[in-house]
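Student: Give the three-dimensional model of this entry:
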Amino acid sequence: MKSSLRIFYGTSLSLRASRVFLAALLAFAAPLFADGPEVPVVDWLEKTRAALAKGDAEALTHAARALKDKPDGAAENRQIALVMFWAGHYEDAARYLRRALAIQPDALLNQEKLSTQMPAADLRARLNQLAPKAETEPDLCFLTGAMLLLDGDRPRALAFLVRAEELAGTDGQAARLANADERDRNELRGVAALREGAWDEAQRSFVFAALDSPTIAEHHAGLVVALAAAGDDAMALKLVNGVYARYRFETLLPWLQALKAGQAVADAASRLSKADQAGLAHHRLAALLYFAAGWYRSARDAGVQALLFNKLDDFSHDLASWLEQKQLSEDPVQPDQPENPPEQPDGKPEEIAPEAPSIEGARRLIRRADYTGALKMLDHFVTEDAEPEVYHLLFVVLVGRGELADASAALQSWFLKVTDTERAKLNALRELFGSRELFEAWRRQITVVRDTDPNVGLPRLLNCYVEITRGRYTSARDELVVARIESPANLTVQAMDRLLQQAQYQADVTPEGLPDDPTPNVLRGRADREFRAGNYEAAKTAYLQAMEADSTLPFLTVGLLRCYFALGDYDNAARQLSLLFIEQGMADKQPRDFALLLDAGYDSQEVFRGHLDALKAECDKRPLSSTPWMLYGVIQCTRNEFKAARDALQVWYDNDTSKQRDPILLKFYEYARKRAS
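Tutor: Okay, here's the model as predicted:
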């Protein structure tokens, strides 16, 4: 027994045991000899719910403790938002609620009715107190809609959520609350800007999309693609790590594949892969960019280069598997280059011919805030007998450049040439800009000068006209006072004074004037009215503005197609027809399912037939062309005029020189042939 005890205990621990073993024993000893009972963990979130249900003032303290324990928790942020709302801290409530939805987009789903989460009397009082403030504040309007939605009052909630969307210009969280299936509008605008090559607009849209939904990798990927295309490789390399951390290949890769981002993105990928000391980050980003541009062989090669640096790189493996699974292996076919291209006499690259000057071109540049480019275009049209519209656009351009004195002269030239109806046309200035932010930046050119010296009449005169277009006639009269005292003989001052003295301009359109951001529906309705009235250029402009505001709005593509058709611009009409095929998914449908509805926008069928006859006359003038014949054939096919459709599409088929004919048009051709026989 003595020997067995000696074997068990052995010599003292300090002599035989290793120091590591000793440290392990000491580490595990503390819990074994801890004094007293275990301290229970407090569920502060549950305590917050219980206190809020009773209307207990402790709810705010409990909510703060819960949020401190888990600052990134959707439930904790949602709960403190409810407590803040109950306590009357509305701005803070909106902020925490937006954080909750950013962490978890469905954070408001499957919740108890709000009237059971807090005293019903307090709820009604807070909603009644909040509703008047929400009319002009986007966040408060969003908060009101969310609270009504939680309380089960969906009809009223939708009204506030739609209003929040209008006030903010775009509010992805409000749109998703109103419709859970709604795609992020900022994302849609970003994608459209990428395809048009508007890199700054794409960056802005994807930044807002990422702020609304920071967990969605596609939003960060769109921003990275836009940055790289704009030449900011350093920032793209920094931000692309957010894509790798968030992505799911089954959603990100189809999204990137559908971008077809274009040559500039492929050039950025080539630049990165050929950079000095290019490493894993460069090749991995180059693979992403090549893939987004549709250069699949180059994407595979860049991915292989990335794997040489890190053979376990997940993104490169996922991309390679996707390319193999979808059998994507080719780069776009490049136009053949001559073996010895002719050299330029002076060694300079051939310059791209600038866009031909036009009023519509100047409008497009103003929508993007390119005032210098717009001024160069308008210079070709500024004459003594120029159309009033030229002077109106010139006024806008000169204000944007900060040349207020010249802008005043242009405004006077326009103001004295038009009727009072044109002078007081609501939102006539806001509609010229692609976004509310651009309009506000333009307007600040006037207000900053006005606020610097309130006793100067010139900026106040210009702002008087701005206020008239906003329906704020009382403010316009106030602005005119200084200008009237300073320059009583000025013709513009006198004309504005007479206008504002008329009975219909005594009361503002609304207490706050018109919203500075016309809704896409309003713009589309105006476009429809202009088209029916025969003002096809004005209708085209309004459709384009509506598309810039919300590219997902229905019937915009067919509206533009009608405008180009009526104006005789058949090449652009054919492009819109191709977009309409994509919108209606005609790749998977039969021609009989195609809804063109071209004549539905006309009040007079005689006018429509006249435009159709004009298209046929254009076809007869161009017997060796394909575009007008294709357009005429598809239109006749949708009108069940199958013989005319067959004959026209036969000419298209014979004249089409593309390497691969459009399979959708081939389906229309076969359909017309069968029905005609």
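
Student: Provide the secondary structure category for residue 261.
Tutor: coil (DSSP: H, G, I helix; E, B strand; the rest coil).

Student: before we move on, what about residue 581?
Tutor: helix.

Student: how near is the residue nearest to it when sequence neighbours are not counted to residue 592?
Tutor: Distances taken as Cβ to Cβ, 6 or more residues apart in numbering put residue 664 closest to residue 581, at 5.0 Å, once the chain neighbours are dropped. C-beta: built from backbone N, CA, C; applies to glycine. Here residue 664 is placed at a distance of 13 Å from residue 592 (Cβ to Cβ, to the nearest Å).

Student: and if you look at residue 52?
Tutor: Taken as Cβ to Cβ, the span from residue 52 to residue 592 is 59 Å.

Student: go on, residue 42?
Tutor: For residue 42 relative to residue 592 (Cβ to Cβ), the value is 67 Å.

Student: the more surrounded of residue 664 and residue 592?
Tutor: residue 664 (19 against 10; other Cβ atoms under 10 Å).

Student: low pLDDT regions in the stretch 1-150 of the chain?
Tutor: Filtered on pLDDT under 70, the stretch 1-150 of the chain yields the residue ranges 1-40.

Student: Could you rerun that using 50?
Tutor: For the stretch 1-150 of the chain, applying pLDDT under 50 flags the ranges 1-35.

Student: My understanding was that the residue nearest to residue 581 contacts residue 586; is that so?
Tutor: Yes - look at residue 664 against residue 586 with Cβ atoms under 8 Å: they come within range, at 4.9 Å.

Student: In stretch 529-543, which residues are buried?
Tutor: 530, 531, 536, 538, 539, 540, 541, 542, 543 (16 or more other Cβ atoms under 10 Å).

Student: typed the wrong thing, it's stretch 43-57
Tutor: For stretch 43-57, by 16+ other Cβ under 10 Å, it's 44, 45, 47, 48, 49, 51, 52.

Student: Ok, stretch 362-380 next?
Tutor: 362-371, 373-378.

Student: Same question for stretch 414-422.
Tutor: Buried residues in stretch 414-422 (16+ other Cβ under 10 Å): 414, 415.

Student: Equivalent analysis for stretch 190-202, please.
Tutor: 190, 191, 192, 193, 194, 198, 199, 201, 202.

Student: check which helix or strand covers the spatially closest residue to residue 154 that is not a sequence neighbour.
Tutor: Nearest non-adjacent residue to residue 154, counting by Cβ to Cβ, 6+ apart: residue 148, 7.7 Å away. Per DSSP states H and E: residue 148 is located in helix 138-150.

Student: Which strands or helices does that helix pack on?
Tutor: helix 90-103, helix 114-117, helix 120-130, helix 154-168, helix 172-178 (3 or more Cβ pairs under 8 Å, 6 or more residues apart in numbering; DSSP states H and E).

Student: residues in contact with residue 562?
Tutor: 531, 539, 598, 601 (Cβ atoms under 8 Å, 6 or more residues apart in numbering).

Student: try residue 479
Tutor: So residue 479 contacts 460, 461, 463, 464, 467 (Cβ under 8 Å, 6+ apart).

Student: Give me the subset of these lying in helices.
Tutor: Using DSSP state H, the members of the contacts of residue 479 that fall within helices are 460, 461, 463, 464, 467.

Student: Ranking by neighbours, what's the top pick from the residues you listed?
Tutor: Neighbour max across these (other Cβ under 10 Å) = residue 464, 29 neighbours.

Student: any idea how far that residue lies from residue 544?
Tutor: 29 Å.

Student: Render the CA-only coordinates of stretch 527-534 in PDB, please.
Tutor: Provided in PDB are the C-alpha atoms of stretch 527-534 (Å, rounded to 0.1, in the frame of the first residue of the first chain):
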ATOM      1  CA  ALA A 527     -45.000  62.500 -71.200                       C
ATOM      2  CA  ASP A 528     -48.100  60.600 -72.100                       C
ATOM      3  CA  ARG A 529     -50.100  63.900 -72.400                       C
ATOM      4  CA  GLU A 530     -47.400  65.600 -74.500                       C
ATOM      5  CA  PHE A 531     -47.400  62.700 -76.900                       C
ATOM      6  CA  ARG A 532     -51.100  62.700 -77.300                       C
ATOM      7  CA  ALA A 533     -50.900  66.400 -78.000                       C
ATOM      8  CA  GLY A 534     -48.400  65.800 -80.700                       C
END
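
Student: Tell me which residues are up against that stretch.
Tutor: By Cβ under 8 Å, 6+ apart, stretch 527-534 touches 536, 538-543, 546, 559, 562-563, 566, 601-603, 607.

Student: Quickly check the contacts of residue 479 for the two that are furthest apart.
Tutor: 461 and 467 (10.9 Å; Cβ to Cβ).

Student: Just put the buried residues of stretch 190-202 in TSV and tack on pLDDT, secondary structure and distance to residue 220.
Tutor: Below are these laid out as TSV (pLDDT from 0 to 100; DSSP: H, G, I helix; E, B strand; the rest coil; distance: Cβ to Cβ, whole Å):
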residue	pLDDT	secondary structure	distance to residue 220
190	78	helix	11
191	82	helix	14
192	80	helix	18
193	80	helix	16
194	81	helix	14
198	81	coil	19
199	83	helix	16
201	82	helix	17
202	83	helix	13
